[in-house]
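**Q** Provided below are the primary sequence and the corresponding predicted coordinates.
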Amino acid sequence: MKKFERLVLVLVIGVVALLALPFAISRLIPDFLASKDVPEEGQSSDVDFPVVIRIKGGMLEVASVTGTRHFPKSTDPAILGQAIPYCREKASWAAPYKITYRLKLGERWPLRYHDGTLIARVPDLEPSLPVAFDSAKLRKGAEESCWFIPNQGTRDRALKSISPELEKLAKSQKTKNFARESARKTVTEFLRTWAFNQTAYGDLPPDTKIKVIFPGE
């Protein structure tokens, strides 16, 4: 039985070595596995027909948050169901992003004039999804792997994680709070332009103080 187990182990190692050979050669000789873009012919640039969806009531863009975020992933290879953590594959991307926050104009904004102040209660900040990031400025982070283990697709999974992770960031209360004061200023400017032209508030002095209140405040 031990002889059979040794034979299986030798076969497994041999298969792994054969699969890893092109990758090993490509590390030693970079041009061995080069690639070249091929122009596409006879294919439409659109996968589907474009569809226009009306935003009921409209949206008012009030603030944006920009930055660069790193998206790492790690994978442990497994042979015969056994993970090999000391040969972990690591990859990451750095992506510049822009989160745009909006308010629904179709919702009713309760306005109240009290003691020389126009008080407005507005809806919660709503991020535009998916979050925009500049694919032209994506940067690959450091990559680690064992030369004898085939590529496990860690970098591809790290790339696919960008949009879901940015969505979590945009929806987090911490990021909303970070954008809230800038959004408050934008809403104040909007109200000063819009509300003061309404007949219900036609007698408001131009220098009337405006107080914007978000949910939870």
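**A** All right, it came through fine.
**Q** which stretches of this structure form strands?
**A** 59-75, 78-79, 82-83, 89-104, 111-114, 117-121, 126-127, 132-133, 139-140, 209-213 (DSSP state E).
**Q** Out of the ones you listed, which gets nearest to Val187?
**A** Of all the strands of the chain, strand 209-213 sits nearest to Val187, with 4.8 Å by Cβ to Cβ. In short, each C-beta sits where N, CA and C put it, glycine included.
**Q** Which strands and helices lie in contact with that closest one?
**A** strand 117-121, helix 173-194 (3 or more Cβ pairs under 8 Å, 6 or more residues apart in numbering; DSSP states H and E).
**Q** rewinding a little: would you list the strands of the chain in CSV and tack on mean neighbour count and mean pLDDT?
**A** Shown next, in CSV, are those (neighbours: other Cβ atoms under 10 Å; pLDDT from 0 to 100):
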stretch, mean neighbour count, mean pLDDT
strand 59-75, 16, 93
strand 78-79, 12, 73
strand 82-83, 10, 75
strand 89-104, 19, 93
strand 111-114, 12, 84
strand 117-121, 16, 89
strand 126-127, 18, 96
strand 132-133, 17, 94
strand 139-140, 12, 91
strand 209-213, 16, 92
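**Q** who wins for proximity to Pro50 among those?
**A** Using Cβ to Cβ, the strands of the chain put strand 132-133 closest to Pro50, at 18.3 Å.
**Q** Quickly run through the sheet partners of that closest one, with directions.
**A** strand 89-104 (antiparallel) (DSSP bridges).
**Q** could you check the angle strand 59-75 makes with the strand it pairs with?
**A** 170 degrees (axes from the mean of the first three to the mean of the last three Cα atoms, to 10 degrees).
**Q** hmm, back to that, save the strands of the chain as TSV, and put in distance to Lys171 too.
**A** Listed next are the strands of the chain as TSV, based on distance: least, Cβ to Cβ, whole Å:
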stretch	distance to Lys171
strand 59-75	12
strand 78-79	34
strand 82-83	33
strand 89-104	10
strand 111-114	28
strand 117-121	21
strand 126-127	6
strand 132-133	15
strand 139-140	25
strand 209-213	21
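**Q** Confidence-wise, which of the helices and strands packed on strand 209-213 is weakest overall?
**A** For those, the weakest mean pLDDT is recorded on strand 117-121, namely a mean of 89.
**Q** Against which helices or strands is it packed?
**A** strand 111-114, helix 173-194, strand 209-213.
**Q** What residues sit buried inside the second one?
**A** What it means is helix 173-194. For helix 173-194, burial by neighbour count (16 or more other Cβ atoms under 10 Å) applies to Thr175, Lys176, Ala179, Arg180, Ala183, Arg184, Thr186, Val187, Thr188, Phe190, Leu191, Arg192.
**Q** For the residues you listed, name the two members farthest from one another.
**A** Thr175 and Arg192 (26.6 Å).
**Q** Looks like Ser92 contacts Gly141 (just checking).
**A** Yes: between Ser92 and Gly141 a contact is recorded at 3.3 Å, counting by Cβ atoms under 8 Å.
**Q** can you list residues touching both of these two?
**A** Shared contacts of Ser92 and Gly141, defined by Cβ atoms under 8 Å, 6 or more residues apart in numbering, comprise His70, Pro72.
**Q** Look up the residues forming beta bridges with Tyr101.
**A** Ala63, Pro127.
**Q** Would you agree it is in contact with Asn177?
**A** No: the criterion here is Cβ under 8 Å, and Tyr101 misses it with Asn177 at 11.2 Å.
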